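S.K.: Take a look and give me a structure for this.
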Amino acid sequence: MLSNCLSGPNNYQHRKVCLVADILGIQLKSEYTSQNLVLRINGLEIRGANAIIRSLAKLQPVEDLFGRGFSEYASVESYIDFIAMEIEPYLDLWVQVHGNNLDGETAKSINEELLEKLWHLETKLNTQSDYLVGDHLTLADICLISALFEPSSLSENLLQQTPNLNRYVSTIGNLAPVRKNFGNLKETSVLDCSSDFSEQANIGEIRDKLQTEELSGIWPQLKQFTLWKVHYRYSEYNIVISVSLNKVNKLLAAMQNVGGICGSISVNGDERPFEITGALCYEGSDIQSYLSSVKESAYYTFEKLNIANVGDRTDFQDYLNGKIVKGKNVKERVWL
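M.R.: Here you go, the predicted model:
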């Protein structure tokens, strides 16, 4: 169990912290057990996303996430505050308006004010650089892409009047660590940017409910998750139950460390070779990219299921807690 723990709602602020930690190579165990974002690291307790990312960046100054030199440092600090105070509140409102298909004067006013804020950034960007400050990724970029990622995925029209900003989001949004923590641009959004998190299911709540016999009551709560069937690639080598189970435990321990995933993996069959299968619920859109740093995941295939498809739901439930999977009796099942 990692001592460095990040707890709080699964929204873009949480992902922003995870992105910084990933870039710096700092492992954090994520827990979605409160509405306040809190990092407990090395005996310290740090509250709030921007305070956390500033602290993490100072732990690893070699990455220059504050920029190079005092001028860049001052610019990065200025952008962090501007994005937090002037951009994020309007983007949060925009997501709520867009998500609820609202129109009228209020929606129009929000759109106009957001465009005004975005134009401030549009004038700061140019074709000579892919970054807000200097010639490399800084906390300024991390804050901006974290704020813009879901709105850009929800609507192709959001940035159509800001071509520099549109290019910027495409460039930064396709960086490997951004894709790992936020998913792929233009895919169905899975993040929760609403102010009322209490109405959203989190991974802790879902973990408990997945272990019930009947899942029909929780399907609506899984809208913000993706479901996956898992298969071990090399079943012909699974000739001993205990060794096969050890492979399962290694994978689950690694996934527990990265957080954001729950479900079960099972060893199946009455005789060797044994099959290893599983069903996972992931708070993101691309579990394979998310697990790219987990070496154990390379031995498995991950098949994304369509939550709206009844057949896929049935398969997921069989793989998750069925007594028989692919015609083989389940001998051992381990829950994550």
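S.K.: is it fair to say Ala51 lies in a helix?
M.R.: Yes: going by DSSP: H, G, I helix; E, B strand; the rest coil, the assignment for Ala51 places it inside a helix.
S.K.: okay, now it: neighbour count?
M.R.: By other Cβ atoms under 10 Å, the residues close to Ala51 number 13. (C-beta placed from N, C-alpha, C; glycine too.)
S.K.: Next: Leu93.
M.R.: Around Leu93 sit 19 other residues, with neighbours defined as other Cβ under 10 Å.
S.K.: so it sits right up against Ser109, yeah?
M.R.: No: the pair Leu93 / Ser109 is not scored as a contact, 9.7 Å apart, by Cβ atoms under 8 Å.
S.K.: Low-confidence ranges, the stretch 201-336 of the chain, go.
M.R.: Low-confidence regions of the stretch 201-336 of the chain, defined by pLDDT under 70, span residues 201, 213, 223.
S.K.: swap the cut-off to 90 and go again
M.R.: 201-226, 253-260, 282-295, 306-312 (pLDDT under 90).
S.K.: part of a helix, is Leu158?
M.R.: No: the assignment for Leu158 is coil, going by three-state DSSP, so no helix is present there.
S.K.: can I assume it is in contact with Ser152?
M.R.: Yes: with contact defined as Cβ under 8 Å, Leu158 and Ser152 form a contacting pair (6.0 Å).
S.K.: The nearest residue to Val330 once chain neighbours are set aside: what secondary structure?
M.R.: In this structure, Val330 finds its nearest non-sequential neighbour in Ser266, 4.8 Å apart by Cβ to Cβ, 6 or more residues apart in numbering. Judged by three-state DSSP, the three-state class of Ser266 is strand.
S.K.: Leu227: what's it in contact with?
M.R.: When contacts are counted by Cβ atoms under 8 Å, 6 or more residues apart in numbering, Leu227 touches Ala279, Leu280, Cys281, Tyr282, Lys304, Leu305, Ile307, Asp312, Phe316.
S.K.: Now for those residues: which two are most distant?
M.R.: Comparing all pairs in the contacts of Leu227 by Cβ to Cβ, the longest separation belongs to Tyr282 and Asp312, at 14.6 Å.
S.K.: For those two, indicate the residue with more neighbours.
M.R.: Each of Tyr282 and Asp312 had its neighbours counted (other Cβ under 10 Å), and the higher figure belongs to Tyr282 (24 against 16).
S.K.: For the more buried one, give its distance to Ile206.
M.R.: Between Tyr282 and Ile206 the distance, using Cβ to Cβ, to the nearest Å, works out to 10 Å.
S.K.: can you tell me which residues contact the closest residue in space to Leu320 that isn't next to it in sequence?
M.R.: By the measure of Cβ to Cβ, 6+ apart, the closest residue to Leu320 outside its immediate chain neighbours is Ala279, 3.7 Å from it. Going by Cβ under 8 Å, 6+ apart, Ala279 touches Leu227, Trp228, Lys229, Val230, Gly263, Ser264, Phe316, Gln317, Tyr319, Leu320.
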